[in-house]
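Participant: predicted coordinates and the sequence they were generated for:
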Amino acid sequence: MTVSQWVLGLSTYMLPFASRWIRTLFMPYHRFLGLAIFALAIAACLTGLTEKLLFSIADTYSKFAPEGILVNCLGLTLVLFGVFVGFIATKEEWKRQPLPEEQPINMSIE
């Protein structure tokens, strides 16, 4: 999934043969799939942290072991980071504005 997102993004946005309407058409899918991959990566991190924690200190986890507190804080930080990145990526007001040299040139003579 990540490789297909990378290859499609590279071929759509970096190579010169893709036209502007193809880029415009692909952008919502590109953004959604990027956020989905990011969310799955955070879920995999949280699952790995929880598994390692519960297999390492299963008997002392309920007694607020320092390792448990550290991993819980790390998990909370990962979740907050994911929410923050998702909020920024979907906020239309924070979308990058095109530079003047990226604007189409009007060649009509009036």
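Facilitator: All right, it came through fine.
Participant: verify the stated contact: Gly86 with Gly34.
Facilitator: No - Gly86 lies out of contact with Gly34 (C-beta atoms under 8 Å); the separation is 10.2 Å. Any C-beta I mention is one placed from the backbone N, CA and C, and that applies to glycine too.
Participant: wait, what's in contact with Thr31?
Facilitator: Slight slip there: residue 31 is Arg, not Thr. Ala89, Thr90 (C-beta atoms under 8 Å, 6 or more residues apart in numbering).
Participant: tell me the buried residues in the helix or strand it falls within?
Facilitator: Using DSSP states H and E, Arg31 sits in helix 20-56. Residues of helix 20-56 classed as buried under the neighbour-count rule (16 or more other C-beta atoms under 10 Å) are Phe26, His30, Leu33, Gly34, Phe38, Ile42, Leu46, Leu49, Leu53.
Participant: show me how far it is from its chain's centre.
Facilitator: Taking C-alpha atoms, centre = their mean, to the nearest Å, the mean C-alpha location of helix 20-56 is offset from the chain mean by 6 Å.
Participant: what angle sits between the next helix-or-strand element following it and helix 20-56?
Facilitator: Next helix or strand after helix 20-56 toward the C-terminus (DSSP H and E): helix 66-90. Orientation of helix 66-90 against helix 20-56 (axes from the mean of the first three to the mean of the last three C-alpha atoms, to 10 degrees) gives an angle of 170 degrees.
Participant: any idea how far helix 66-90 is from the middle of the chain?
Facilitator: Counting by C-alpha atoms, centre = their mean, helix 66-90 is centred 13 Å from the centre of its parent chain.
Participant: for that helix, buried residues please.
Facilitator: Gly68, Val71, Gly75, Leu78, Gly82.
Participant: just checking, what packs against that helix?
Facilitator: helix 20-56 (3 or more C-beta pairs under 8 Å, 6 or more residues apart in numbering; DSSP states H and E).
Participant: Ala65 reaches Ile57, doesn't it?
Facilitator: Yes - checked against C-beta under 8 Å, the pair Ala65 and Ile57 is within contact range at 5.2 Å.
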